[in-house]
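Output the structure for:
(chains A and B)
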There are 2 protein chains.
Amino acid sequence: MTIPKNDTFLRALLKQPVEYTPVWLMRQAGRYLAEYNQTRARAGDFLTLCKTPALATEVTLQPLERFPLDAAILFSDILTIPDAMGLGLYFAQGEGPMFEKPLRNAVDIHALRVPDPYNDLRYVMDAVSEIRKALENRVPLIGFSGSPFTLACYMVEGRGGTDFREIKTMLYKQPELLHQILNKNAQAVTAYLNAQIESGAQAVMIFDTWGGALSHAAYREFSLHYMQQIVDGLKQEQDGVRIPSIVFTKGGGLWLEAIADIGCNAVGLDWTIDIGDARRRVGDKVALQGNLDPSVLFSSPEVIAQEVEKILTSFGSGSGHVFNLGHGISQFTPPENAAVLVEAVHSLSRKFH
Amino acid sequence: MTIPKNDTFLRALLKQPVEYTPVWLMRQAGRYLAEYNQTRARAGDFLTLCKTPALATEVTLQPLERFPLDAAILFSDILTIPDAMGLGLYFAQGEGPMFEKPLRNAVDIHALRVPDPYNDLRYVMDAVSEIRKALENRVPLIGFSGSPFTLACYMVEGRGGTDFREIKTMLYKQPELLHQILNKNAQAVTAYLNAQIESGAQAVMIFDTWGGALSHAAYREFSLHYMQQIVDGLKQEQDGVRIPSIVFTKGGGLWLEAIADIGCNAVGLDWTIDIGDARRRVGDKVALQGNLDPSVLFSSPEVIAQEVEKILTSFGSGSGHVFNLGHGISQFTPPENAAVLVEAVHSLSRKFH
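So this is what the prediction gives:
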């Protein structure tokens, strides 16, 4: 049983007392850091960076060298699972991730195979172990996966950032086909996150980036239901230590009570909701993670501190808050503004604990 | 004083008794209709279509020839105001609307001129009058404008569909500059909508397409505040007839109470909110317009009818509901499915009235 020297993040997720509000940044190892771009250039391409544990370890630790962040997050791609399913992930120049073989028909969907994380995604488990070693127990390591629905969006559309026409046509016209995909994705994500936990991840997060595009009813049936299935199947502890889980649906503020009900320890919030209102709505059920608009980091140190103070004040006293952005940090963020943010959260939050 | 032969839509907006739930479709005159594409081809380009009253009239009436819709909506572009302000609107192939001179500095913002709708936007007023004549009082005509914030997004970014980096940088770094733009936009929209009312529009709608990208606090300060200013300045009646107003913020479900408070007659809903919950939250304050996911129209007649029934049932008995999609109809919609939708709303809603 190994507790990190700084376990503030884990305690906040479990709503145990903390001395200050912990903070990490979604996509904290990313293109806004020159050293990340150097490692990525050295790797040659993004997929090689993800699939080479030594390089994934290097970039995972880079933001921790710059900023006193309270957690590290596995550097990996959200699409490792469909890639391992054989859909042919590739990155077209300036286009983001794409799949050579989008899933559109019953035959291909029937043939879809749930990957074995220890074989088909060995490189991820190796990265988790190597990052844990390199972290030397300074802060906890977060493992993660895309949600079944978010993975399905990429799998059916063949790419991200679409109008969801293909997947929503399937959803309304052949819902049983989409349920087959989602069932397999949920099995795959459960096994994948449990393998990450066994390999050393000390908390896990499910990113439901596209669930917010669904109607209130479709969200429950096609996204939340499968995240619940995953949370039900997650290892609760490893080597005697609790492994907290975080569920984040971007644009899911209207559905907060339902999300808080699926058994996760924490719910991620984007910036459209007042975190104080969110806290009143979920009560004692879950911790909350968020919820600064990443665009605030384009402003000045003074404005960043003001906006941090507003969120801390709105959340109020007591544990159960992990500070974060409401979405990944922009590649155009000046790194010195990320430093200002982390420092502001640490210093301004002490009076609330 | 002229009441349309079918004034169901106007009565529903004012929460007066109706025999069935009225329905129209955002972007009902659009690319999913072959006859629209023919007229557009004849016009040569989109801007000529908007700026030629006879052609705008032709396409406005096309969907009414096909479907027994309960309202017509002025065919025009959302960006007529910034175009009239001299920002140089153009449409790049496959790119949507763009501005030659995006607004980025104080000098350009100071120089921004509020257009006179009767001079600078004469073609819109001419279209409104001509459409009213052509409608022969069958159904009411809706006038519309983009919201001050949504217009500002295009004006500052120079185009739509961005990550809002430019406008949010301005919002957090130089909020006073953005407020100057928004003030001028609010004045311009108020004058523009009032001129549409004087020219014959029988209801008006403000489209706040991008307000949902803001934080809960920024939404109130940079979008809702200016829509309130417009609603306060709108003509309440014309020739002795009430002119109802509709405000629609896509992604604004969390802020419903605040939107319902600005004095508009109806609030538009996208598909992420249950309309029954929305009704409970706004009480008797406003009517509601929405809220079918446009993707449902990619499915079958049976599914369309089921989804219509769910929304009608969730809203429940009584007036105060205008059926619509939660966003513009997709260009890929089979027109026969739009017919199924209109018929389903009309027939299935009678039992609730």
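
going forward, measure contacts between C-alpha atoms and count neighbours the same way
Fine.

so what pLDDT did A:Leu14 get?
Note on A:Leu14: pLDDT of 98.

Please verify my assumption that it contacts A:Ala287.
Yes - using C-alpha atoms under 8 Å, A:Leu14 is in contact with A:Ala287, at 6.9 Å.

Show me whatever sits in contact with both of these two.
By C-alpha atoms under 8 Å, 6 or more residues apart in numbering or on different chains, A:Leu14 and A:Ala287 have these common neighbours: A:Asn265, A:Gly320.

Between the two, which is the more surrounded one?
Neighbour count, other C-alpha atoms under 10 Å in any protein chain shown: between A:Leu14 and A:Ala287, A:Ala287 has more, with 24 against 20.

Sticking with the spatially closest residue to A:Gly212 that is not a sequence neighbour, tell me its helix or strand.
Nearest residue to A:Gly212, sequence neighbours excluded (C-alpha to C-alpha, 6 or more residues apart in numbering or on different chains): A:Gly251, at 4.6 Å. For A:Gly251, there is no host helix or strand (DSSP states H and E).

Would you report the backbone torsion angles of A:Gly251?
Backbone torsions for A:Gly251, taken as degrees, to the nearest 10, come to phi 80, psi 20.

residues in contact with it?
Neighbours of A:Gly251 in contact, by C-alpha under 8 Å, 6+ apart: A:Gly211, A:Gly212, A:Ala213, A:Asp270, A:Thr272, B:Gly251.

so which strand or helix has A:Ile81?
helix A:80-84.

Could you check how far the residue nearest to A:Gly212 is from B:Ser245?
With the distance defined as C-alpha to C-alpha, to the nearest Å, A:Gly251 ends up 27 Å from B:Ser245.

What of A:Ala305?
The gap separating A:Ala305 from B:Ser245 is 39 Å, by C-alpha to C-alpha.

Tell me which of the two has more neighbours.
Using other C-alpha under 10 Å, the more surrounded residue of A:Ala305 and B:Ser245 is B:Ser245, with 25 against 19.

Distance of the more buried one relative to B:Asn291?
From B:Ser245 over to B:Asn291 the distance is 17 Å, taken as C-alpha to C-alpha.

same question, A:Arg11
41 Å.

What of A:Leu341?
39 Å.

repeat for A:Ile304
A:Ile304 is 37 Å from B:Asn291, by C-alpha to C-alpha.

do A:Ile246 as well
A:Ile246 sits 30 Å away from B:Asn291, going by C-alpha to C-alpha.

again with A:Ala54
50 Å.

Between those two, tell me which one has more neighbours.
B:Asn291 (25 against 17).

quick one: which of the contacts of A:Gly251 is nearest B:Ser76?
B:Gly251 (23.1 Å; C-alpha to C-alpha).

do you know how far the closest one is from B:Glu157?
Using C-alpha to C-alpha, one gets 20 Å for the distance from B:Gly251 to B:Glu157.

count of neighbours near A:Gly94?
6.

Doesn't it lie inside a helix?
No - under DSSP: H, G, I helix; E, B strand; the rest coil, A:Gly94 falls outside any helix and is assigned coil.

Now it, what are its backbone angles?
According to degrees, to the nearest 10, A:Gly94 has phi 70, psi 10.

And A:Leu325, by the same measure?
Taking degrees, to the nearest 10 as the convention, A:Leu325 sits at phi -80, psi 170.

give the contact list for it.
Counting by C-alpha under 8 Å, 6+ apart, A:Leu325 makes contact with A:Leu25, A:Met26, A:Asp270, A:Trp271, A:Gly290, A:Asn291, A:Leu292, A:Asp293, A:Pro294.

nearest to A:Lys5, of the residues you listed?
Proximity of those to A:Lys5 (C-alpha to C-alpha) peaks at A:Leu25, which lies at 19.6 Å.

The closest one reaches A:Gly328, doesn't it?
Yes - when contacts are counted by C-alpha under 8 Å, A:Leu25 is listed as touching A:Gly328 (7.0 Å).

Have a look at these two and say which one is more surrounded.
A:Leu25 (24 against 15).

and the more buried one, that one's in a strand?
No - A:Leu25 is assigned coil when assessed by three-state DSSP, not a strand.

check which helix or strand covers the nearest residue to it once chain neighbours are set aside.
Spatial nearest neighbour of A:Leu25, excluding adjacent residues (C-alpha to C-alpha, 6+ apart): A:Asn324 at 5.2 Å. For A:Asn324, the element it lies in under DSSP H and E is strand A:321-325.
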